[in-house]
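Enquirer: here is my input, please return the structure:
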Amino acid sequence: MFRTRLLSGIVLVIVLVATVGTGGELLFAFIGAISLVGMTELYKVVGVQGKALGMVGYLAALAYYGLLWRQAEEYMTMLSILFLVLLMAVYVFTFPTFLAEQVMTVFFGFFYVAVMLSYVYQTRMLEDGRVVVWLIFLSSWGCDTCAYCVGVLIGKHKMAPKLSPKKSVEGGIGGIVGAAMLGVLFALAMNKWGGASASPVHYAVICAAGGAISQVGDLAASAIKRNHEIKDYGKLIPGHGGILDRFDSVIFTAPIIYYLATMLAV
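Expert: Predicted coordinates for the structure are as follows:
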């Protein structure tokens with residue numbers, strides 16, 4: 001199991017380096033594809049995959065990425081309203097085929113997966129996006145690793161005992177501090193070898209915030225799985241589960257990194 005997890009993890013890193021490093025059309029296509037897969041995983045959980053309600057969700061995601069590609073952000077609110085209206089139309093004209101909870105999950109899934117994951121691409125498209133975009137993965141996965149290590153060593157107080165008994169407050173704090181330190185090291189490394197002019201202080205703040213938010217994303221994904229009594233969302237990534245299992249923290253971190261990078265002009 002460990003070997004499978006390690007090998008698939010290496011493959012995932014290679015894919016990310018290739019797509020995120022290249023950016024542009026390749027990254028756009030990659031993020032769009034995994035967004036649809038992630039939505040599929042969530043829709044399967046609530047029983048709307050392959051049904052009219054789920055298809056409306058996919059249609060909204062495709063329309064959203066079409067607007068994003070054409071840089072037509074002014075139509076995003078209109079799309080959201082039309083999406084909700086269409087969802088409710090399917091709900092009422094097929095009643096009682098679907099439950100209100102399923103309608104809300106389809107609407108939620110569009111934002112939770114497609115919109116929030118798209119910020120990986122949007123961050124990469126910033127002026128210094130070739131550097132800043134890596135803070136998304138550094139803060140989310142780096143925080144997770146640091147939190148685990150600190151939790152194993154000194155973790156005593158449970159963070160969310162009923163949801164994730166192994167996570168501790170000490171581990172959570174250690175993860176945030178670790179993410180901040182990784183941000184500083186990354187800034188120094190990019191300044192020296194990557195020709196960047198990154199602020200170590202700004203990167204520390206961004207990664208600390210990203211690390212804190214990533215833990216919310218991780219627990220949120222776990223909570224949904226607990227509610228529906230499933231272990232993993234999928235089996236796409238051997239040893240890791242599905243897209244939502246591996247990118248649960250990234251989903252929450254990506255928008256935070258984007259807006260913090262924009263506000264701090266890093």
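Enquirer: what about the strands in the stretch 101-250 of the chain?
Expert: Assigned by DSSP state E, counting those that start in this stretch, the strands in the stretch 101-250 of the chain fall at 158-160, 164-168.
Enquirer: looking at those strands, which is nearest to Glu41?
Expert: strand 164-168 (19.6 Å; C-beta to C-beta). Any C-beta I mention is one placed from the backbone N, CA and C, and that applies to glycine too.
Enquirer: direction included, what does that closest one pair against?
Expert: If you go by DSSP bridges, strand 164-168 pairs up with strand 158-160 (antiparallel).
Enquirer: could you give the mean pLDDT of the partner strand?
Expert: Over the span of strand 158-160, the pLDDT mean works out to 89.
Enquirer: show me what that strand is in contact with.
Expert: Pro165, Lys167, Ser168, Val169, Gly171, Gly172, Gln215, Leu219 (C-beta atoms under 8 Å, 6 or more residues apart in numbering).
Enquirer: filter those to the buried ones?
Expert: Lys167, Ser168, Gly171, Gly172, Gln215, Leu219 (16 or more other C-beta atoms under 10 Å).
Enquirer: tabulate the contacts of strand 158-160 (a markdown table), appending distance to Leu6.
Expert: A markdown table is the format used below for those (distance: C-beta to C-beta, whole Å):
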| residue | distance to Leu6 |
| --- | --- |
| Pro165 | 25 |
| Lys167 | 22 |
| Ser168 | 25 |
| Val169 | 29 |
| Gly171 | 22 |
| Gly172 | 25 |
| Gln215 | 24 |
| Leu219 | 25 |
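Enquirer: among those, show me the least confident.
Expert: Of all those, Pro165 has the smallest pLDDT value, namely 84.
Enquirer: with adjacent residues omitted, what lies nearest to that one?
Expert: Distances taken as C-beta to C-beta, 6 or more residues apart in numbering place Lys158 nearest to Pro165, at 6.5 Å, with adjacent residues excluded.
Enquirer: of the strands of the stretch 101-250 of the chain, which is nearest Trp69?
Expert: Closest among the strands of the stretch 101-250 of the chain, once you apply C-beta to C-beta, is strand 164-168, at 37.1 Å.
Enquirer: what's that closest one in contact with?
Expert: Against strand 164-168 from outside (C-beta under 8 Å, 6+ apart): Ala147, Gly151, Gly155, Lys156, His157, Lys158, Met159, Ala160, Gln215, Leu219, Ser222.
Enquirer: how about stretch 76-83?
Expert: Here stretch 76-83 has contacts from Val56, Ala60, Ala63, Tyr64, Leu67, Phe107, Phe110, using C-beta under 8 Å, 6+ apart.
Enquirer: looking at these, which one is closest to Tyr259?
Expert: Of the contacts of stretch 76-83, the one sitting nearest to Tyr259 (C-beta to C-beta) turns out to be Tyr64, at 18.1 Å.
Enquirer: show me what secondary structure element comes after the helix or strand hosting the closest one.
Expert: Assigned by DSSP states H and E, Tyr64 belongs to helix 52-69. Downstream of helix 52-69, the first helix or strand assigned by DSSP H and E is helix 76-93.
Enquirer: got the CA coordinates for that following helix in CSV?
Expert: What follows is helix 76-93, C-alpha atoms only, in CSV (Å, rounded to 0.1, in the frame of the first residue of the first chain):
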residue,chain,number,x,y,z
MET,A,76,-20.2,35.1,-13.9
THR,A,77,-23.0,36.3,-11.7
MET,A,78,-25.5,35.9,-14.6
LEU,A,79,-24.3,32.4,-15.1
SER,A,80,-24.8,31.6,-11.5
ILE,A,81,-28.3,32.9,-11.5
LEU,A,82,-29.2,31.0,-14.7
PHE,A,83,-27.7,27.9,-13.3
LEU,A,84,-29.9,28.1,-10.2
VAL,A,85,-33.0,28.8,-12.3
LEU,A,86,-32.3,25.8,-14.5
LEU,A,87,-31.6,23.5,-11.5
MET,A,88,-34.9,24.5,-10.0
ALA,A,89,-36.7,24.0,-13.3
VAL,A,90,-35.4,20.4,-13.4
TYR,A,91,-36.4,20.0,-9.8
VAL,A,92,-40.0,21.1,-10.1
PHE,A,93,-40.8,19.6,-13.6
